[in-house]
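Chemist: need a 3D model of the sequence below.
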Amino acid sequence: MRLELHKQVVKALGRVQPKLAQAILSDLKAIAAEPFGRHPNVKALRDRPDYFRYRHAGWRVLYRIDRNADTMFAEHMDTRGDIY
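Modeler: Predicted structure coming up:
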């Protein structure tokens with residue numbers, strides 16, 4: 001499955017420490033490789049089908065799986081207190 005990062009996610013990754021940004025990006029790539037596998041820091045969002053939340057330290061990434069396009073769209077990244 002292909003991973004696409006929204007412009008806002010790329011900008012947020014640029015604001016965090018490089019080591020943390022690399023870890024988040026690496027995890028997102030692993031999730032995209034197996035989007036419906038077991039990932040310890042991923043939860044499905046109840047009110048939105050095909051939307052998930054990935055957690056890393058104090059950061060959250062909201063992403064959507066498009067099964068028809070075989071793509072995972074990382075749409076929003078922010079701190080825990082600001083993303084919801």
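Chemist: okay, CA-based contacts and neighbour counts for the rest of this
Modeler: OK.
Chemist: now do the strands in this structure.
Modeler: Here the chain has its strands, by DSSP state E, at 2-5, 42-44, 51-56, 59-66, 71-79.
Chemist: can you point out the buried residues in stretch 34-50?
Modeler: Pro35, Val42 (16 or more other Cα atoms under 10 Å).
Chemist: and what of stretch 54-66?
Modeler: Tyr54, Arg55, Trp59, Arg60, Val61, Leu62, Tyr63, Arg64, Ile65.
Chemist: now stretch 52-62: average pLDDT?
Modeler: Per-residue pLDDT over stretch 52-62 has a mean of 94.
Chemist: roughly how far out does it sit from the chain middle?
Modeler: Using Cα atoms, centre = their mean, to the nearest Å, the mean C-alpha position of stretch 52-62 is found 6 Å from that of the whole chain.
Chemist: can you list contacts of it?
Modeler: 24, 41-45, 51, 63-64, 74-80, 83 (Cα atoms under 8 Å, 6 or more residues apart in numbering).
Chemist: at 10 Å instead, please
Modeler: 9, 12, 16, 20, 23-24, 27-28, 31, 35, 39-46, 51, 63-65, 73-84 (Cα atoms under 10 Å, 6 or more residues apart in numbering).
Chemist: go on, stretch 30-39?
Modeler: With contacts defined as Cα under 10 Å, 6+ apart, stretch 30-39 is touched by 1-4, 24-29, 42, 52, 54, 65, 70-74.
Chemist: which of the residues you listed are buried?
Modeler: 1, 3-4, 24-25, 27-29, 42, 52, 54, 65, 71-74.
Chemist: give the residue farthest from the middle of the protein.
Modeler: Asn68 (18.7 Å; Cα atoms, centre = their mean).
Chemist: what's the pLDDT at that one?
Modeler: pLDDT, read off for Asn68, is 92.
Chemist: got any ranges where the chain has weak pLDDT?
Modeler: 84 (pLDDT under 70).
Chemist: centroid-nearest residue for it?
Modeler: Short answer for the chain (Cα atoms, centre = their mean): Val61, at 3.9 Å.
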